[in-house]
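Colleague: The sequence and its predicted three-dimensional model are supplied below.
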Amino acid sequence: MMKSKLFWPIVVLLIILLINLFFDKNFFTIEVKNGYLTGSLIDILNRGAPLLLVSIGMTLVIATKGVDLGVGSVIAMAGAVGAMTVSGANGDSLVPLFTAIAFVIAISILTGIWNGVLVSRIGVQPIVATLILMVAGRGIAQLITDGQIMTVYYDPYTFIGGGHLLMLPFSIFIVAAMLVIASFLTRKTAMGLFIESVGTNPEASRLSGINSKNILLMVYVFSGICAGIGGLILSSNVASADGNNAGLWYELDAILAVVIGGTSLNGGRFYLMGTVIGALIIQSLTTTIYSIGIAPEINLVVKAIVVLIVCLLQSPEFRKKVFGVFNMKQTEKKSKNEGVSIS
Amino acid sequence: MKEQTPLLIMEGITKEFPGVKALTDVQLNLYPGEVHALMGENGAGKSTLIKVLTGVYTFDEGSVTLDGKSIRITSPLEAQNLGISTVYQEVNLCTNLTVAENIFIGREIIKRGRLDWKEMNKQAKELLKTRLNLDIDVTKLLSFYSVAIQQMIAIARSLQISAKVLILDEPTSSLDQNEVNQLFDVIRKLKKEGLAIIFVSHFLDQIYEITDRLTVLRNGEWIGEFKTNEIERLELVSKMIGKDLNELKSGERRTSNKAFERKRPFLQGKNISKKGKIAPFDMDIQEGEIVGLAGLLGSGRTELARLLFGADKADTGEIKINGSMANLASPKQAISNGIAFCSENRKTEGIIGDLTIRENMILAMQGLQGWFKYIPRKRQIEIADEYIKLLNINPPNPEQLIKNLSGGNQQKVLLARWLITNPKLLILDEPTRGIDVGAKAEIQKLMLSLSKEGMSVLFVSSEIEEVLRTCRKIAVLRDHKKVYEFENDQQITQKDIMKAMAGGMT
């Protein structure tokens, strides 16, 4: 089942990458420059790191039938907090770097608790609850940066988003680590089962003795942490913090990545690897549009069309209509007639 | 009065939903100046019939005649304009508007292009006073008044549209006795004025107090029309649940529970209640005892069971488990006290549709262990295989999604979910409803063998013979109250239980 969910997103990703090859013969080439591996593919991974992180967190939130609109603002806040902490720091010491990381993680946990408490304890609908932070968070980020772009002159800070380890960009390792943590939590502990259970049927889960409130709280905190680290990478990469524009519209890209990856907005089953592919599709698309020189004005339209195609390909109904030859065996029409209750 | 022609005739009404026939050839005759009860258990088709009459649903076959004219109602608004008004159980007025505003909303009196509040207030006050004997300040907010008054105001609103037919859907369920009396006075007055009233209620006492005639529905079918004072309670109940009185001569005797000697109480509940759900009750369950809960659907059986499981929070009362006080404020707490609960609503409160048989089975056990101590996958599959074999679940594939299983098999998976936690008390709410005979017998057999091993079972069922066959003690509920408790080692018959369910005996 996992295979069929991942099949179409992977196909689309490959097609996008192949289109690039048509315009640029060296697209798949990876070479060593200045001791680092460089190339378009590495670039996509590196630039996509923040979106990948945010999308991983978003996957778990959406699996509980929620949504976290606050992630873009958390990115901005995290960047602002990080940059502020190291402003004026001396490049000889690493202490300010670790202080910044600690502050960023602390503030992202706080945002997660805020969202999680609103949703799980007070019962605010997720879209409304997280909208509050989406608006307020950006405001806070702007307050921290004074509405200006804050530049960082502290070299160690730029390592997180711009440094290298084992010839690869460091951010790739951060993403890999978070992916491993998320996979461990959801597949090696019962967290994944509980998330899917609460997302599918909250009342039945409650009656089975699952503390759905804490599950909800945890996914929002996790999403907050993912967004916070994403913000740190983004701000470190450009050695500055921009309260106005950092992470703008990331929440929408992340939701798209999750949906492209096969996780339903109705909650329940989730697919972390699917999300990773989804985020990579979005990032490669952005890179492609820039690299083959499509006019910036129609950039968003192209993006929308590709997303539409992916979503259509994901739908068994659509595939049946278009590629009738495949003759899908598993279209489940049965389930449509269920669930009608008479009182 | 009864000799005149009916005001409203519904004939041959059939309504089908995808896959379900909700109403089959149902009829209803309503005379002016009568209170007519619509009787039936939950799911009998009362609500559907009312929704057909008020235009919420359109019927597939049949005819409706009002005042001699054949009509076809397609929307609630049209029904109102024809003079058919409904007052629902939950008053749907605006509590943040005044009484007069509520009565006139949508039909405001306009004088010279402006709302004439003076006139509306005057008319509202007069309407309430003359028709409902209610003298209140109509300029106060609706929320200022009690639910009972609000209900009268809702009635006044429908009278203001000059209703001919007034439908009261469970009007008394949130009222206390005084308020009920007040409402009944109003109903009697309206009846005298020639209004035809349809009265829906679960309370048998109220049916006998206020109604003139009644129509009984069962499983979407018309069972009969009776004069209320000519039908015995017992007969009425047997019509509602579909058991012929003559068949009730105790046929098969249950396996006597003589071997039952353990007299150690597992659960002792005292004075447990929840307002609007169930009146205070006591409940003792011994170790290894099967206790049956009988009563009509809607009599409070499920409510009682849910309180013992912590699914709802009780307002009063205390529960002792194994002799010491226990706090059962949530399902989680109940489960850790060794209580398990299989809900009657398999789809909405039982299965997690998108998950597999295996995942559904281990859910409660995993919940008990907490999220960090994940049962290893290999062990999960072992457990699932074991219970699939034990309960004969089909298909025998632990990775099958539970939503693709038949009702009986889903029920067995849910049973497995609880058996895995090795509970001391298993609460089964209608475990055999909607499943085939074979699965039913298997579940009954399972209950008996579990009880032999020392597990207590609280068994809620609509099927009296099933309760008699399996239970040692039987509690009977009526009108949201526990009214009787029988020891099942005397010669109790189905008739005795039905009498208790119907009430009105000394």
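Modeller: Sure, I can see it.

Colleague: And the strands in chain A?
Modeller: For chain A, the strands defined by DSSP state E occupy A:31-33, A:36-38, A:149-151, A:164-165, A:168-169, A:240-242.

Colleague: what helices or strands is the first one leaning on?
Modeller: To tie it back to what came earlier, the one meant is strand A:31-33. Strand A:31-33 sits against strand A:36-38, with contacts defined as 3 or more C-beta pairs under 8 Å, 6 or more residues apart in numbering or on different chains; DSSP states H and E. C-beta: built from backbone N, CA, C; applies to glycine.

Colleague: Sheet-wise, list the partners of the strand it packs on with their directions.
Modeller: Paired neighbours of strand A:36-38 in the sheet (DSSP bridges): strand A:31-33 (antiparallel).

Colleague: Just say which of the strands of chain A is most tucked in.
Modeller: Mean neighbour count (mean count of other C-beta atoms under 10 Å in any protein chain shown) peaks for strand A:240-242 among the strands of chain A, with a mean of 23.

Colleague: chain center to it, what's the gap?
Modeller: 20 Å (C-alpha atoms, centre = their mean, to the nearest Å).

Colleague: Show me what counts as buried in whichever strand or helix holds B:Phe226.
Modeller: If you go by DSSP states H and E, B:Phe226 is part of strand B:221-227. Within strand B:221-227, the residues that count as buried by 16 or more other C-beta atoms under 10 Å in any protein chain shown are B:Glu221, B:Trp222, B:Ile223, B:Phe226.

Colleague: Quick check: the first one touching B:Thr24?
Modeller: Yes - the pair B:Glu221 and B:Thr24 passes the contact test of C-beta atoms under 8 Å, sitting 5.1 Å apart.

Colleague: Where does the prediction get shaky in the stretch 101-250 of chain A?
Modeller: Along the stretch 101-250 of chain A, no part satisfies pLDDT under 70.

Colleague: What does whatever residue of it ends up closest to chain B show for phi and psi?
Modeller: Residue of the stretch 101-250 of chain A nearest chain B, by C-beta to the nearest C-beta: A:Gly209 (3.8 Å). Main-chain dihedrals, A:Gly209, degrees, to the nearest 10: phi 90, psi 20.

Colleague: Can you name the residue of the stretch 101-250 of chain B that approaches chain A most closely?
Modeller: B:Gly220 (7.6 Å).

Colleague: re the thing from before, can you lay out the strands of chain A as CSV showing distance to B:Leu458?
Modeller: Below are the strands of chain A laid out as CSV (distance: least, C-beta to C-beta, whole Å):
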stretch, distance to B:Leu458
strand A:31-33, 72
strand A:36-38, 67
strand A:149-151, 65
strand A:164-165, 61
strand A:168-169, 62
strand A:240-242, 61
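
Colleague: quick one: the residue nearest the centre of chain A from A:Lys65, how far?
Modeller: With distances taken as C-alpha atoms, centre = their mean, the residue of chain A nearest its centroid is A:Ser55 (1.7 Å). Noted for A:Ser55: a distance of 17 Å to A:Lys65, by C-beta to C-beta, to the nearest Å.

Colleague: same thing with A:Ala141?
Modeller: 28 Å.

Colleague: Can you mark which positions in the longest helix seen in chain A are buried?
Modeller: The longest helix of chain A (DSSP state H) is helix A:212-238. Neighbour-count burial for helix A:212-238 flags A:212-213, A:215-238 (criterion: 16+ other C-beta under 10 Å).

Colleague: got a list of contacts for whatever helix or strand comes next after the strand holding B:Phe226?
Modeller: Later in the chain than strand B:221-227, the nearest helix or strand by DSSP H and E is helix B:233-241. Contacts with helix B:233-241, where a contact means C-beta atoms under 8 Å, 6 or more residues apart in numbering or on different chains, come from B:39-41, B:44, B:204, B:208, B:214, B:216, B:218, B:223-224, B:226, B:231, B:244-245, B:248, B:296, B:462, B:495, B:498-499, B:501-505.

Colleague: Kindly report the same for stretch B:393-410.
Modeller: Applying C-beta under 8 Å, 6+ apart, the external contacts of stretch B:393-410 come out as A:335, A:338, B:346, B:350-358, B:360-361, B:380-381, B:384-385, B:387-389, B:412-413, B:416, B:434-436, B:438-440.

Colleague: Excluding chain neighbours, what is closest to B:Asn219?
Modeller: Excluding the flanking residues, the one nearest B:Asn219 by C-beta to C-beta, 6 or more residues apart in numbering or on different chains is B:Ala44, at 6.5 Å.

Colleague: Are we agreed that that neighbour is in a helix?
Modeller: No - counting by DSSP: H, G, I helix; E, B strand; the rest coil, B:Ala44 falls outside a helix, being coil.

Colleague: got the contact list for it?
Modeller: By C-beta under 8 Å, 6+ apart, the residues touching B:Ala44 are B:Leu217, B:Arg218, B:Asn219, B:Gly220, B:Met240.

Colleague: Throw together a PyMOL command that grabs the buried residues out of those residues.
Modeller: Buried subset of those, written as a PyMOL selection, criterion 16+ other C-beta under 10 Å:
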select buried, chain B and resi 217+218+220+240
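
Colleague: now for the contacts of B:Ala44, which pair is the farthest apart?
Modeller: The span of the contacts of B:Ala44, defined through C-beta to C-beta, is set by B:Gly220 and B:Met240 at 13.3 Å.
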